[in-house]
Each structure stands twice: as structure tokens, then as C-alpha cells.
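Enquirer: give the three-dimensional model of this entry:
(one chain, ligands or ions: 1)
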Amino acid sequence: MPDISFSEHNSAQLVAQRLDKHAEGALQTFMVPFIEHLHKLIRETRPTHADWRRTVEFLTEVGHASDGRRQEWVLLSDLLGVTALIEEINTRRPKEATPNTVRGPFYRADAPRLAMDANISLDGAGPALTVTGHVRDLDGQPIADATIETWQANSEGFYENQQPDLQPDFNLRGVFTTDARGCFRYRTVRPGGYAVPADGPVGQMLGSLGFPLRRPAHLHFLIKAEGFETISTHVYDGGDPHLGQDALFGVKEELIGDFRPTGKGDALSLDFTFVMVRAKKGRGST
Ligand SMILES: [Fe+2]
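Expert: Numbering: from 1, shown residues only. Next up, the predicted model:
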């Protein structure tokens, strides 16, 4: 007679056995280890009834705080490093190539296409920054006609879609194209660092446990070129004091930019090279 008495020692097997062995697909593949790890976690941490009730209440609050405009589940995944881990697993690149990082919630697909040297700061608020980018392949050859979408927070750390009444529509966003030398250049203002939302259950719970909720100042880039893997990444301000404590684990050494004073007032310049990898056969360039 098979062991049908549920116990601490066989709980994971008894539950996993209930899965339809003939069912196929990603969910089936995921569920067995999920059940095993969940039961192991419970056996090791031995929560009381009250502990488990509080856990369920927390997860319920996370669900209630999520809707079409706010995604508290994604924030939980981000702050626990799961989003960054999934990015790591899915975009392995040679060391010399520019790595991907999480895109974040403030991207807009409809930003205006602009000419070289355009100023994406529509209100001119903050220290001026000139960004010069170079897009290259792994052999150092320039990539012409690459499309560069950029978006960033203002110098106070707010994106335009967070402050629709305070900032002009499409402030600090633009789409550029590299020239024959693989270069693009635009004017903007120095971005400010910002904090992820701390007013929901995730920010409150993890914040109370000492998790950093700040993001060091950065620029976002989405770079596409025919025949190459799309780059979705950040360039961080190397002078930001929170560089080692990014709430979303996006900082990598190769993504730290040198925001240099130009000597003209508080104006700065950034020169940065992005290195693209050829798309593998069967994988689209976008
Ligand atoms: Fe951001």
C-alpha cells in the first residue's frame, strides 16, 4: 500500500503526485520543483499559524495594491532580485558586450523621433548634460542606422509620466538614429536618483527590513539595429552615492558612466559606447 498519510517527511511527494503526469508544458515543469522548494522552506522556517496568516495577509495586500496603473507584484519581484535574475538567465552575452538590465515601468513606446543634437529637456530644468553615444559591434566596427530610444527622470528624480501636470508631455524622451560613424548625440539635463514606491505593502515590508528603496541616477536606453540583439539597458551616473545600493540590482561596472564637468557652469558631458551582439539565427533583432 502506498504511503497515503500526509507527514512532514512526504508532504512534497504527496502533493507533486497529484499532478497529471501526461500534462506537458512550462507550468508542469515548474510545479514539481516549486512544490518541493515551498515545502522545504516551510519545514526549515517552521512558521506558526499566526506567521502564515500574516504571510497570506501580506500577499493579499500586494494583490489589492496592484491594478492597471500600479504593479506591486512586479515591485516585489524587482526588490527581491528575481526580475534581475530572470534578465541574467535570458540574455547571456560575451563580457565585452553591453548587458541588458530591467526596462522599468516608465518606458513609453511613442516618444518623438529627433535629429542629432536635439534637446530632450523641454523645460530646461536642471544642469545641462550632453550625451554622445557610440554604437559598435564586438569587433569595434560602427553600426549605422541603429535606433536609440532614451528616457530618464528629471533632475529631481521624476519621469514625465509620473508628473503629467508638472512636466511637458514627452519631456526627457527621444528617439535617435546613429550616423555613418555609429554615433548619436543629444542634449538633456542631469537625471536625479529616485526611490521606488514606499507607500505600498512591498515597500513598507522590505523597507522595514532595511532593503534599500533608492535607485541611483541613470539614463535608460533601448537600442535596436538590424541583425543585432536589442539592448535594453541603463547608464548610471558614476558620481551617485547610491551606486552600490540600487534597489533593482541593475548596476554593473560596464554600465557606469563618467558624467564629466565641461567647465561651463554646472554643465556636464557623457561619452558612452554600446556594444551589440549579432542576433542568433532564428531570433529576431527586435
Ligand atoms: Fe529609471
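Enquirer: tell me which residue is most central in this structure.
Expert: V102 (2.0 Å; Cα atoms, centre = their mean).
Enquirer: which non-adjacent residue is nearest that residue?
Expert: T83 (5.1 Å; Cβ to Cβ, 6 or more residues apart in numbering). Placement of C-beta: from N, CA and C, glycine included.
Enquirer: so for the strand or helix carrying the one you found, mean pLDDT?
Expert: Following DSSP states H and E, one finds T83 within helix 82-90. The predicted model assigns helix 82-90 a mean pLDDT of 92.
Enquirer: against which helices or strands is it packed?
Expert: helix 72-79 (3 or more Cβ pairs under 8 Å, 6 or more residues apart in numbering; DSSP states H and E).
Enquirer: which strands and helices sit next to the helix it packs on?
Expert: Partner elements for helix 72-79 (3+ Cβ pairs under 8 Å, 6+ apart): helix 49-64, helix 82-90, helix 201-208.
Enquirer: any chance of those in a markdown table, plus mean neighbour count and distance to D110?
Expert: Formatted as a markdown table, the helices and strands packed on helix 72-79 follow (neighbours: other Cβ atoms under 10 Å; distance: least, Cβ to Cβ, whole Å):
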| stretch | mean neighbour count | distance to D110 |
| --- | --- | --- |
| helix 49-64 | 12 | 30 |
| helix 82-90 | 14 | 24 |
| helix 201-208 | 18 | 29 |
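Enquirer: mean pLDDT for those helices: which is lowest?
Expert: helix 82-90 (a mean of 92).
Enquirer: can you list the neighbours in contact with that one?
Expert: With Cβ atoms under 8 Å, 6 or more residues apart in numbering as the test, helix 82-90 has contacts from V74, S77, D78, N100, T101, V102, L248, F249, G250.
Enquirer: check stretch 163-171 too.
Expert: Stretch 163-171 is contacted from outside by R108, A111, P112, I120, S121, L122, D123, N154, F158, E160, using Cβ under 8 Å, 6+ apart.
Enquirer: what subset of those is buried?
Expert: With neighbours counted using 16 or more other Cβ atoms under 10 Å, the contacts of stretch 163-171 contain these buried positions: A111, I120, S121, N154, F158, E160.
Enquirer: residues near the nearest residue to the third one once chain neighbours are set aside, how many?
Expert: With sequence-adjacent residues excluded and distances taken as Cβ to Cβ, 6+ apart, S121 is closest to V189, at 4.5 Å. With neighbours defined by other Cβ atoms under 10 Å, the count for V189 comes to 23.
Enquirer: and V189, backbone torsions?
Expert: Main-chain torsions, V189, degrees, to the nearest 10: phi -120, psi 160.
Enquirer: tell me the pLDDT of it.
Expert: Note for V189: predicted pLDDT of 98.
Enquirer: pull the contacting residues for it.
Expert: If you count contacts by Cβ under 8 Å, 6+ apart, V189 has them with S121, G124, A125, G126, P127, A128, L129, N154, S155, L172.
Enquirer: cool, and E44?
Expert: Going by Cβ under 8 Å, 6+ apart, E44 touches no other residue.
Enquirer: got it, and A23?
Expert: Counting by Cβ under 8 Å, 6+ apart, A23 touches no other residue.
Enquirer: that one in helix, strand or coil?
Expert: Under the three-state scheme (DSSP: H, G, I helix; E, B strand; the rest coil), A23 adopts coil.
Enquirer: what does S66 give?
Expert: Classified using three-state DSSP, S66 is coil.
Enquirer: how about it: what's its closest non-neighbour residue?
Expert: E72 (4.5 Å).
Enquirer: same question, R181
Expert: Of all residues not flanking R181 in the chain, P142 sits nearest, at 5.2 Å (Cβ to Cβ, 6+ apart).
Enquirer: hmm, back to that, okay, the contacts of V189 in JSON lines with distance to G63 and pLDDT next?
Expert: Formatted as JSON lines, these follow (distance: Cβ to Cβ, whole Å; pLDDT from 0 to 100):
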{"residue": "S121", "distance to G63": "38", "pLDDT": "98"}
{"residue": "G124", "distance to G63": "42", "pLDDT": "94"}
{"residue": "A125", "distance to G63": "37", "pLDDT": "95"}
{"residue": "G126", "distance to G63": "38", "pLDDT": "95"}
{"residue": "P127", "distance to G63": "41", "pLDDT": "96"}
{"residue": "A128", "distance to G63": "44", "pLDDT": "97"}
{"residue": "L129", "distance to G63": "40", "pLDDT": "97"}
{"residue": "N154", "distance to G63": "32", "pLDDT": "97"}
{"residue": "S155", "distance to G63": "35", "pLDDT": "97"}
{"residue": "L172", "distance to G63": "32", "pLDDT": "98"}
